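**Q** Provided below for reference: sequence and predicted model.
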Amino acid sequence: MKYFNLLLIKLIFSTGCFAQAEIKKPNILLIVSDDQGLYDVSYYGTKDIKTPNIDFIGKMGIRLDNFYTNSPVCSPTRASIMTGLYPDRAGVPGVIRTNPSNSWGHLRTDVRILPVELKNLGYSTALIGKWHLGIVPPNLPNSRGFDYFHGWLGDMMDDYWSHLRHNINYMRLNEKTIKAEGHATDLFTKWSVSYIKSQLKSDKPFFLYLAYNAPHFPVQPPKIFLDRVLGREKKIDSTRAKLVAFIEHMDKGIGDVINALEETNQLDNTLIIFTSDNGGHNPSLANNGPYRDGKQSVYEGGLRVPTVISWKNRIKKNQITKRNLMSVDLFPTILEIAGSKKKYNLDGLSFTDELFFPNNLSDKERLMYFVRREGGDKYGGKTINALRKGKWKLLQNDPQGKYELYNLESDPFEENNLIDYETNIYNQLNRLLMKQIQASGKIRWQ
């Protein structure tokens with residue numbers, strides 16, 4: 001692989017000394033789970049779940065304890081990851097669906113997305129798993145920069161074994177519809193392992209975006225995993241047991257993928273990122289920790305997600321950062337590590353320095369913006385929004401409801417609405433929120 005000058009990263013050795021080293025351009029493995037609650041990992045001490053492989057990524061690198069998605073639902077967050085833009089600026093303020101009358105986004109075709117930028121930097125690019133950013137041209141994975149696509153075009157699966165949605169098969173190998181035998185999680189794992197092994201023949205670094213559908217409902221773990229949980233957790237609720245087993249099944253797949261990297265001597269030079277697209281689904285008994293609400297909500301439980309990043313011998317082990325970061329930040333961070341020197345007009349900010357020298361920068365002046373557009377009787381095509389600046393968070397969690405204001409420093413669980421007491425703060429944040437809404441109004445999402 002070619003060498004590059006990424007800051008000439010200063011490596012921290014066990015002696016405490018600093019040294020400069022020119023390092024290889026890394027492979028990049030981006031793993032995104034679907035609807036995984038913040039505390040649905042064992043590294044937070046959650047007693048009823050075991051996720052040793054997700055934990056391993058964090059132990060080998062850094063745990064991001066205040067990582068937010070930019071939307072509490074699937075497509076918008078994925079659009080932010082791919083573009084470095086807030087969901088509505090990327091053209092995807094809501095979920096993209098099969099039925100056009102209930103679809104709330106169209107990924108912009110006038111912006112270059114992450115795989116395109118990485119291809120320009122010499123990467124081979126692959127998507128295995130869930131796309132959910134378009135089911136017709138021009139927004140198909142191979143048309144948007146992925147050399148290789150083996151996975152699922154649509155949103156959720158109605159069944160993890162039959163792989164259908166509304167009786168439509170969205171499973172693809174590049175642009176060819178395929179029938180595949182087995183549980184979708186196992187298929188995505190197997191295909192990822194095969195891809196990693198195939199890259200030994202290439203002189204290019206690779207970018208593999210592995211997007212599991214799990215643990216999105218319907219919660220369908222293989223029986224062996226469910227039996228293991230039921231045998232271990234004697235008092236567990238049956239609904240919760242299924243979700244735990246489902247996540248542990250996915251975690252096993254993540255372990256298989258990491259093992260493939262190790263067996264092919266590629267682990268040492270692979271940046272691994274694990275995150276989720278939004279908070280956990282409460283009816284499935286997801287564990288969002290002490291935070292309020294979950295998926296579909298712009299309260300903290302709908303936006304905070306488990307996130308860990310490693311790069312063996314490059315990112316120091318067992319690091320934790322409390323810095324507030326977002327899905328939209330992954331785009332510039334990945335590209336900077338990959339050696340890009342381009343200037344982008346983005347909403348995301350690179351946190352490369354934080355990976356190598358965690359200092360928990362407060363970013364007090366930085367805005368954090370969250371959005372979801374939806375149909376149905378409750379939303380009627382309108383949006384819910386939230387905006388955070390420093391310790392203050394303004395939100396409207398119901399398009400017909402009132403605004404709420406919280407001091408997350410003293411009230412991280414959003415129990416005390418201060419909208420009637422902090423008028424000046426409300427006015428300041430409301431003006432900033434309106435600017436974001438005006439900016440998004442310039443972008444077509446149909």
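**A** Perfect, thanks for sending it.

**Q** going forward, measure contacts and count neighbours with C-alpha atoms only.
**A** OK.

**Q** so what touches stretch 344-363?
**A** Contacts to stretch 344-363, defined as C-alpha atoms under 8 Å, 6 or more residues apart in numbering, come from residues 9, 11, 62, 84-86, 314-316, 319-324, 326, 328-334, 336-337, 390.

**Q** residues of that stretch that come out buried?
**A** In terms of neighbour count (16 or more other C-alpha atoms under 10 Å), stretch 344-363 has its buried residues at 346-352, 354-358.

**Q** those helices in this protein, which residues are they?
**A** 52-60, 74-83, 114-120, 184-198, 223-232, 238-263, 300-303, 330-337, 352-356, 376-379, 423-440 (DSSP state H).

**Q** look at the spatially closest residue to Ser143 that is not a sequence neighbour and report its pLDDT.
**A** Leaving aside its chain neighbours, Ser143 sits nearest to Pro137 (7.6 Å; criterion: C-alpha to C-alpha, 6 or more residues apart in numbering). Reading off the confidence values, Pro137 has pLDDT 94.

**Q** try Ser362
**A** 59.

**Q** also Leu230?
**A** Looking at Leu230, the pLDDT reads 98.

**Q** excluding sequence neighbours, find me the nearest residue to Tyr148.
**A** Ala126 (4.6 Å).

**Q** where in this protein is pLDDT low?
**A** For the chain, the stretches with pLDDT under 70 are 1-23, 360-364.

**Q** how about the strands in the stretch 251-400 of the chain?
**A** 270-276, 308-310, 319-321, 325-326, 367-373, 383-389, 392-396 (DSSP state E, counting those that start in this stretch).

**Q** just to revisit the earlier point, out of the contacts of stretch 344-363, which are buried?
**A** By neighbour count, with 16+ other C-alpha under 10 Å, the contacts of stretch 344-363 hold 9, 11, 62, 84-86, 314-316, 319-321, 323-324, 326, 328-334, 336-337, 390 as buried.

**Q** neighbours of Lys402, how many?
**A** For Lys402, the count of nearby residues is 10 (other C-alpha atoms under 10 Å).

**Q** now swap in the one 3 residues further on and tell me
**A** The burial metric for Leu405, expressed as a neighbour count using other C-alpha under 10 Å, is 25.

**Q** pull the contacting residues for it.
**A** Going by C-alpha under 8 Å, 6+ apart, Leu405 touches 392-395, 417-419, 426.

**Q** one more time with 6 Å, if that's ok
**A** By C-alpha atoms under 6 Å, 6 or more residues apart in numbering, Leu405 lies in contact with 393-394, 417-419.

**Q** emit the ChimeraX select command for whichever of those residues are buried.
**A** With 16+ other C-alpha under 10 Å as the criterion, this ChimeraX line picks the buried residues out of these:
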select :393,394,418,419
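
**Q** can the contacts of Leu405 go into TSV with extra columns for distance to Asn278?
**A** What follows is these, written out as TSV (distance: C-alpha to C-alpha, whole Å):
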residue	distance to Asn278
Lys393	18
Leu394	19
Asn417	23
Leu418	26
Ile419	26
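
**Q** from the contacts of Leu405, which is closest to Lys47?
**A** Lys393 (30.8 Å; C-alpha to C-alpha).
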